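Student: okay, sequence plus prediction incoming.
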Amino acid sequence: MRFGILASGSGSNMEAIAQAIDEQRIRGVIAVVIYNEPGAYVQHRAAARNIPVVHLNHRDFGNREALDQELINVLSAHGVDLVLMAGWMRVVTPVLIDGFPERILNIHPSLLPSFRGMHAIQQALDYGVKLTGCTVHLVVPDVDAGRILAQAAVPVLPDDTLHSLRLRIQAQEHRIYPEAIADYQQHLLRGHVHP
Ligand code: GRF
């Protein structure tokens, strides 16, 4: 299976997926990493692993649909079967979703359906919840709303800052995202359309 990873930031989830492939916990290859933010560290992680990297700056596109059409072009050119959003901080449109139906996964730093959107970790702190976590889900046109594939709970400690809580959540992301990908591959191999 050929994976296409979409990332905007540090790429620690990309790294966790690459490591799981190295250790044969996931079968496949990262065919391409696409990033949008010019300074995103993920480009260096991918280059260090000799993974093809493509930069698509969303500011160069007139609207979300135009960016998504170019994403499809690049993903298709690299023969991608499964798209993995790993910290892709752009809302995707039906243009991309219809191009890869049931073939786009995302990781989100909350226990969905709580705290959708960009500021999930801060919202968990602001609400004072005692448990938060992370979720792997299928991507549908509604933001952070598709079928849930895996979750992990993380305690919120009294002295937590955004940074300390993010680190605790990300440690779980790096564990459950590769597991969820492997499980999803099994479902696809068995010919199931739905997980
Ligand atoms: C992750 O915490 C993910 O949940 C969120 O963005 C972050 C990406 O981190 N959507 P990284 O780039 O994988 O290190």
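Tutor: Received the coordinates, thanks. Residues are numbered from 1 along each chain as shown.
Student: three-state assignment of the residue of the chain found nearest the ligand?
Tutor: Per CB to the nearest ligand atom, Gly87 is where the chain lies closest to the ligand, at 2.5 Å. C-beta: built from backbone N, CA, C; applies to glycine. The local conformation at Gly87, judged by DSSP: H, G, I helix; E, B strand; the rest coil, is coil.
Student: my guess is it contacts Glu15. True?
Tutor: No. Using CB atoms under 8 Å, Gly87 is not in contact with Glu15; the gap is 11.2 Å.
Student: between the two, who's got more neighbours?
Tutor: Gly87 (24 against 17; other CB atoms under 10 Å).
Student: OK, contacts around the closest residue to the more buried one other than its chain neighbours?
Tutor: Among residues not flanking Gly87 along the chain, Gly9 sits closest, at 4.6 Å (CB to CB, 6 or more residues apart in numbering). Gly9 makes contacts with 37, 40-42, 87, 89, as judged by CB atoms under 8 Å, 6 or more residues apart in numbering.
Student: just put these in CSV and tack on pLDDT.
Tutor: Shown next, in CSV, are the contacts of Gly9 (pLDDT from 0 to 100):
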residue, pLDDT
Glu37, 97
Ala40, 97
Tyr41, 98
Val42, 98
Gly87, 95
Met89, 93
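Student: what is the most widely separated pair among those?
Tutor: For these, the farthest-apart pair by CB to CB is Tyr41 and Met89; their separation is 13.7 Å.
Student: is Ala153 in contact with Ala124, as I believe?
Tutor: No. Contact criterion CB under 8 Å: Ala153 and Ala124 do not qualify, at 11.5 Å.
Student: now do the shared contacts for the two.
Tutor: Taking CB under 8 Å, 6+ apart as the contact rule, Ala153 and Ala124 both touch Thr132.
Student: who's more crowded, these two?
Tutor: Between Ala153 and Ala124, counting by other CB under 10 Å, Ala124 is the more crowded of the two (25 against 10).
Student: spell out the secondary structure type for Val129.
Tutor: With three-state DSSP as the criterion, Val129 reads coil.
Student: for the residue found closest to it once you drop the neighbours it is linked to in the chain, what are phi and psi?
Tutor: Distance criterion CB to CB, 6+ apart; nearest residue to Val129, sequence neighbours excluded, is Val156 at 6.0 Å. Dihedral pair for Val156: phi -100, psi 120, per degrees, to the nearest 10.
Student: so how many other residues sit close to Val156?
Tutor: Val156: 19 neighbours (other CB under 10 Å).
Student: ok, Glu23 next?
Tutor: 9.
Student: which positions in the chain make contact with the ligand?
Tutor: 7, 9-13, 42, 86-87, 107-109, 170, 173 (CB under 6 Å from any ligand atom).
Student: so which helix or strand takes in Tyr177?
Tutor: Element membership of Tyr177, judged by DSSP states H and E, is helix 162-189.
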